[in-house]
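**Q** structure for this input, please:
(2 chains)
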Amino acid sequence: MIAPRYQTAFRLYPYKKSPAQDAGTAMRHPVVIVGGGPVGMALALDLGKKGIACLVLDDHDGVGMGSRAICFAKRTLEICDRLGCGAPMVDKGVVWNVGRVFREDREIYSFNLLPEDGHRRPAFINLQQPYFEQFLVEEIRLQQADGLPVEIRGQNRVIGQAQQDDHVLLDVDTPDGPYQIAANYVVACDGANSPMRQMLGLGFEGRTFEDNFLIADIRMTADFPVERRFWFNPPFNPNETALMHKQPDDVWRLDFQLGWDIDRDAELDPDKIRARVAGMIGQDTPFELVWTSIYTFRCCTMKDYRHGRVFFAGDSAHQVSPFGARGANGGIQDIDNLAWKLAAVIDGDAPDALLNTYHEERKHGALENIKNSSRSADFLTPRNPAHTLFRNAVLDLVETYEFARPMVNSGRLSVPCTYDSSSLNSLDGLPDGPDRSRPGSPCSDAKMAEGFLLDHLAGGFTLLAINAPLPSDIDGVAVVSFSTDKDPSGPLAKRYLGPAPGAVYLIRPDQHVAARWETYDAGAVATALQKAKGGA
Amino acid sequence: MADLNLSPNLPECDDFYAALLETHEGLEEAQMHALNARLILILANHIGDTEVLTQALQAARKSS
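**A** Take a look at the predicted model:
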């Protein structure tokens, strides 16, 4: 019996008995992904596209209710473009640029994000998490028809694991009883309370924040502008903060900070929630409650993200506060990093040591996310008199002086991590080139006459030449060449050349820069490629 | 005449803010006030420009 842990929004992969359950012996799979949330499904799609067969086990038969992650950053959308499902997300999602910050009953400042141009995707979109997951699963279904080697088994709950020499044996429970699966590699994408982590007896350490937040997804057709509103100490939620975000389908996401000592059941009383909402949006504005929840949060991480043949990705490996949307976005960056490495090792194209760099690079990313989201949480929930003193000073100053605006911290939006000290990087051969494209950086998109740059970097390792002669065929890499002659001050030149007349970039399958030089040198490229694949 | 800069000017603003709070960690209220007073005097000496400091004093008083 598989008891549900939450209510589902869409039933996408109903339980169906697999012949493997009656086989009497554990069938072997190259990769088993435990958990079919956004991180697990994105990983399945990425691995499948690289020709690696994988099996997703999810203990539900669809995606959970509620807006939850809500905010998906540009880098996530670019990764989804690479996977094939960025467009429906952006088409469905809500883009906003204007934010207003209120203190008590007055607006203290507003801002326009003025996103940098020359990118295909916006800085981020608001989209209910169930849609994000649905688009991933729909893309898997679409590509399965063309042979994508991905299988999803709903209502399959992993209840035991044992690491053997060359595989992991999983005990899986189903509505028809338990069976066993053997996996060469297991990736646990099973969330912040990760049962896999617990089965392995592994720790999860960090800080718990003494605060509760009430989320209310409401539907209303009132003519509110599409902007983010944030309140400090508003009349409808005294001494706390509140946040309002637009989502698709006339649904708005409202977050009310509640403080630490609360009566959870009383706060979830729909009448009490309705009263709070009416205080925020106006007593006469009609609305309907869609979904409500109270959340608390921690900032925690595992010590190691790899344990033999088991990897941890997304919330199972690290958990952050919600401010800055670094949870789901960080998780998608995890799988962007892990998928090509797993595929290269499984295909015999790279040594096992490459897999250790998943932990190395993504732990670095997780610590950056934890640092940023903890600071935001401290600003919103001052935990000692000094925090309160300086926060109030910032809020006092910000109404009059622009310099205080960057100090107001209601979340630093997820940006992809640069793997500055990664062992996969080669020494920067273009030290005067743009800092944003140094080795370890995620490639910035750039609009060109030939389309968007990232579309040209969507396969395996790629050698990108700009105003630099390159042989048309180089072993182990795809080759793309562009000239900036017709657009010498365009995004490609600005983001990849700087003062250099030309450049050659070695780009990893996850679109991070591994190495760069001013001109092509066959020996240097071969050495850098070997290094980027975890070789000596 | 030098003008007080009231535009954003701290490149790693969040790092500074975190360090500022860290410096106050574990202090009683009176100790906090004393620390802040010392900090103001240290910064004032570093700025070393009476004109700028006068404008800063006025700006701080005005936005209370």
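**Q** and for the residue of the stretch 351-500 of chain A found nearest chain B, the neighbour number?
**A** Per Cβ to the nearest Cβ, residue A:386 is where the stretch 351-500 of chain A lies closest to chain B, at 3.5 Å. C-beta coordinates here come from the backbone N, C-alpha and C atoms, glycine included. Residue A:386: 21 surrounding residues under other Cβ atoms under 10 Å in any protein chain shown.
**Q** got phi/psi on it?
**A** Per-residue torsions, residue A:386: phi -70, psi -40 (degrees, to the nearest 10).
**Q** quick check: closest non-adjacent residue to it.
**A** What sits nearest to residue A:386 in space, not counting adjacent residues and going by Cβ to Cβ, 6 or more residues apart in numbering or on different chains, is residue B:24, at 3.5 Å.
**Q** list the contacts of that neighbour.
**A** A:384, A:386, B:32, B:35 (Cβ atoms under 8 Å, 6 or more residues apart in numbering or on different chains).
**Q** closest to the centroid, which residue in chain B?
**A** Against the mean C-alpha coordinate of chain B, by Cα atoms, centre = their mean, the closest residue is residue B:40 at 5.4 Å.
**Q** separation between the residue of the stretch 351-500 of chain A closest to chain B and residue B:31?
**A** Counting by Cβ to Cβ, to the nearest Å, the gap between residue A:386 and residue B:31 amounts to 10 Å.
**Q** going along the chain, name the helices of the chain.
**A** You didn't say which chain, so I picked chain A. Ranges of helices in chain A, per DSSP state H, are A:38-49, A:74-83, A:86-92, A:129-144, A:195-199, A:264-267, A:270-281, A:327-346, A:353-380, A:385-398, A:491-496, A:522-532.
**Q** actually chain B
**A** Going by DSSP H, chain B shows helices at B:13-24, B:29-47, B:50-62.
**Q** the longest one: which residues count as buried?
**A** If I follow you right, that is helix B:29-47. B:32, B:36 (16 or more other Cβ atoms under 10 Å in any protein chain shown).
**Q** that helix vs chain A: in contact?
**A** Yes: contact of helix B:29-47 with chain A (Cβ under 8 Å from any Cβ of the partner chain) involves B:29, B:32.
**Q** nearest spatial neighbour of residue A:499, chain-adjacent residues omitted?
**A** Residue A:499 sits nearest to residue A:432 (Cβ to Cβ, 6+ apart), 5.5 Å away.
**Q** which residues sit against stretch A:170-186?
**A** Contacts for stretch A:170-186 (Cβ under 8 Å, 6+ apart): A:1-2, A:15, A:17, A:20-21, A:23, A:25-34, A:55, A:57, A:153, A:155-161, A:164, A:166-169, A:196, A:309-311, A:342, A:346.
**Q** and the residue of chain B found nearest chain A, what pLDDT?
**A** As assessed by Cβ to the nearest Cβ, chain A sits closest to residue B:24 within chain B, at 3.5 Å. Residue B:24 carries a pLDDT value of 97.
**Q** how far away is it from residue A:259?
**A** Taken as Cβ to Cβ, the span from residue B:24 to residue A:259 is 22 Å.
**Q** related to what we said a few turns ago, now, of the contacts of stretch A:170-186, which are buried?
**A** A:2, A:15, A:20-21, A:26, A:29-34, A:55, A:57, A:153, A:155-158, A:161, A:167-168, A:196, A:309-311, A:342, A:346.
**Q** flag the shaky bits of chain A, pLDDT-wise.
**A** A:1, A:536 (pLDDT under 70).
**Q** residues from it in reach of chain B?
**A** Looking at chain B, the residues of chain A close enough under Cβ under 8 Å from any Cβ are A:372, A:375, A:378, A:384-387, A:389-390, A:396-397, A:399-403, A:405-407, A:409, A:412.
**Q** mind doing that once more with 10 Å?
**A** Counting by Cβ under 10 Å from any Cβ of the partner chain, the residues of chain A close to chain B are A:371-372, A:374-376, A:378-379, A:382-387, A:389-391, A:393-407, A:409, A:412.
**Q** got a quick ChimeraX command for the buried subset of these?
**A** Selection of buried members from these for ChimeraX, criterion 16+ other Cβ under 10 Å:
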select /A:372,374,375,376,378,379,386,387,389,390,391,393,394,395,396,397,398,401,403,404,405,406,407,409,412
